[in-house]
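[1] below are the sequence and a predicted model; questions follow.
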Amino acid sequence: MIFTGDNMIKGIIFDADGTLLDSMHFWLSLMGNTLKKYGVNLTPDFIGEIEYMSPYEACDYTAKRLGLKITADEMLAEMAGTIKDFYGNKVQAKPGAEAFLKKLRDAGIKMIVATGTDTPLVSAGLERCGLLEYFIKVISCADIGARKNEPDIYRAALEMLGLDKDEVIVLEDALYCAETAVKDGFRVAAVYDESEKEQDKLKSIADFYIEDYGRAEEFFEKYIR
């Protein structure tokens, strides 16, 4: 889709982990620590194999791929308490995120969260960080039945916003998610997170790049009336 003329937006579709919540380090550490119990080291190549998967799919793939004597359900159950505690009691917002959201709300921008992590966990994390109130809804890939290498979740979020595609921008920190949205005709603003190693490629496909929410004045100048 080619956008011409007015750049202004009326709505934003936000990713959560790595975009609003400083949580990507937690997931890598958790999987790494879990696998160590079974004598397995989490290598960069292996991370690349599971990065598109939901937590259940990643656990199932890992158990079968490595021949572990544990099922995906057992692995998730082992991690469940740690995950719930992290989102409910420990997760932090990305620096400057709340002020950024408040400014968007004050400008009348409608906002929704579209996440790959289960809705109850992300909702708990956003509430802990004082961010949940800014969004009309939180939806997850599990709710939609498709991962973020497919555009279904962005399309569902767009419908819930009640806006046209050219009135919305997607904020994502992960390259593969940004690629999915771009290929489906969405504008994308990339958000820096250290977990994404291909920042140059992310920048090259994004309409806008946010390195720091605290220094995002140009985003408002470009997209917000």
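    Nice, thanks for sending it over.

[2] drop to CA atoms for contacts and neighbour counts, all remaining ones
    OK.

[3] where do the helices sit along this protein?
    Listed in chain order, the helices of the chain (DSSP state H) span 24-36, 44-50, 55-65, 72-85, 97-106, 119-128, 141-144, 152-161, 175-183, 199-205, 217-223.

[4] low-scoring stretches of the chain, by residue?
    In the predicted model, the chain carries pLDDT under 70 at residues 1-5, 51-54.

[5] so what are the domain limits for the protein?
    What automatic domain parsing lists as the domains of the chain is 11-22+92-223, 25-90.

[6] and the shortest one, end to end?
    With CA to CA, to the nearest Å as the measure, the first residue of domain 25-90 is 13 Å from its last.

[7] cool, stretch 62-76 as well?
    End-to-end span of stretch 62-76 (CA to CA): 12 Å.

[8] Ile112: which of the helices of the chain is closest?
    helix 152-161 (6.8 Å; CA to CA).

[9] picking that back up, could I get the helices of the chain as CSV with distance to Ile12?
    Formatted as CSV, those follow (distance: least, CA to CA, whole Å):
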stretch, distance to Ile12
helix 24-36, 21
helix 44-50, 27
helix 55-65, 25
helix 72-85, 27
helix 97-106, 9
helix 119-128, 16
helix 141-144, 17
helix 152-161, 9
helix 175-183, 13
helix 199-205, 18
helix 217-223, 11
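
[10] now render those helices as a markdown table, adding distance to Val191 and mean neighbour count.
    Output for the helices of the chain, formatted as a markdown table (distance: least, CA to CA, whole Å; neighbours: other CA atoms under 10 Å):
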| stretch | distance to Val191 | mean neighbour count |
| --- | --- | --- |
| helix 24-36 | 13 | 15 |
| helix 44-50 | 20 | 11 |
| helix 55-65 | 22 | 17 |
| helix 72-85 | 24 | 14 |
| helix 97-106 | 11 | 15 |
| helix 119-128 | 17 | 20 |
| helix 141-144 | 20 | 16 |
| helix 152-161 | 17 | 20 |
| helix 175-183 | 10 | 20 |
| helix 199-205 | 9 | 16 |
| helix 217-223 | 12 | 13 |
